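> A structural model of the following input is requested.
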Amino acid sequence: MMRDIGSSISDAIFENIGRAAGRVQENKPLASDLLESDDAYLVVFDAPGTTASDIQVRYVDDRVEVRIDRFRDFYEGFEMRYPGRGLALDGSVTLPSDAAVDPETAQATLKSNGTLHVRVPKAEPGHDEDAATDVGVETDDSGTDGGTEADANTDVEGEAESADEGEDDS
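Sure, this is the predicted structure:
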């Protein structure tokens with residue numbers, strides 16, 4: 001009987017620790033990098049364990065905003081002891097105050113390594129940009145974080161990054 005009580009208490013403790021860890025992750029913004037080239041800004045978010053349908057990307061005023069709503073997979077023969085991963089994750093990156101961009105042509109690509117690339121092309125100064133724009137998310141299963149195809153490269157601060165234009169997803 002004491003063993004059952006001890007097991008029950010430890011299960012409750014581990015479950016609460018797991019739930020707390022998930023809440024901490026949900027309250028922490030997604031890790032991100034902001035890069036700039038001559039013709040675009042590239043925002044790279046960590047988006048592990050997601051699919052394109054889990055991700056919402058919006059350009060609002062001067063920010064790229066990302067919302068990830070993940071779902072837990074079920075594993076046959078296993079029972080969830082405690083959830084430890086956040087399911088609702090948010091992140092945003094504010095572009096420089098002098099950035100003139102064309103959010104209507106922005107592209108978001110979920111890479112196979114779990115990063116989300118949001119490419120926002122630059123526009124001529126004075127370009128009339130919308131206050132809020134939804135950006136569709138595509139997947140890139142090429143297995144690379146950046147581009148290596150000569151016809152789809154954009155130089156971003158000395159690194160080759162795929163512009164994801166004209167790539168075939170089949």
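
> residues contacting residue 135?
Residues near residue 135 by CB atoms under 8 Å, 6 or more residues apart in numbering: 57, 58, 59, 103, 106, 107, 108, 118. Placement of C-beta: from N, CA and C, glycine included.

> try 7 Å
57, 58, 59, 106, 108, 118 (CB atoms under 7 Å, 6 or more residues apart in numbering).

> residue boundaries of the strands in this structure?
Remark: strands assigned in the chain by DSSP state E are 32-36, 40-46, 55-60, 63-69, 88-94, 107-111, 115-121, 132-135, 137-140, 153-156, 159-162.

> low-confidence bits of the chain, can you list those?
1-8, 10-27, 82-86, 125-131, 133, 141-170 (pLDDT under 70).

> coming back round to it: as CSV, the contacts of residue 135 with distance to residue 99 and neighbour count would be great.
Below are the contacts of residue 135 laid out as CSV (distance: CB to CB, whole Å; neighbours: other CB atoms under 10 Å):
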residue, distance to residue 99, neighbour count
57, 17, 23
58, 16, 18
59, 11, 25
106, 12, 22
108, 17, 25
118, 13, 25
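
> nearest to residue 132 among those residues?
For the contacts of residue 135, the residue nearest residue 132 by CB to CB is residue 58; the value is 6.1 Å.

> if I read this right, that closest one contacts residue 67, doesn't it?
No: counting by CB atoms under 7 Å, residue 58 does not reach residue 67; the two are 8.0 Å apart.
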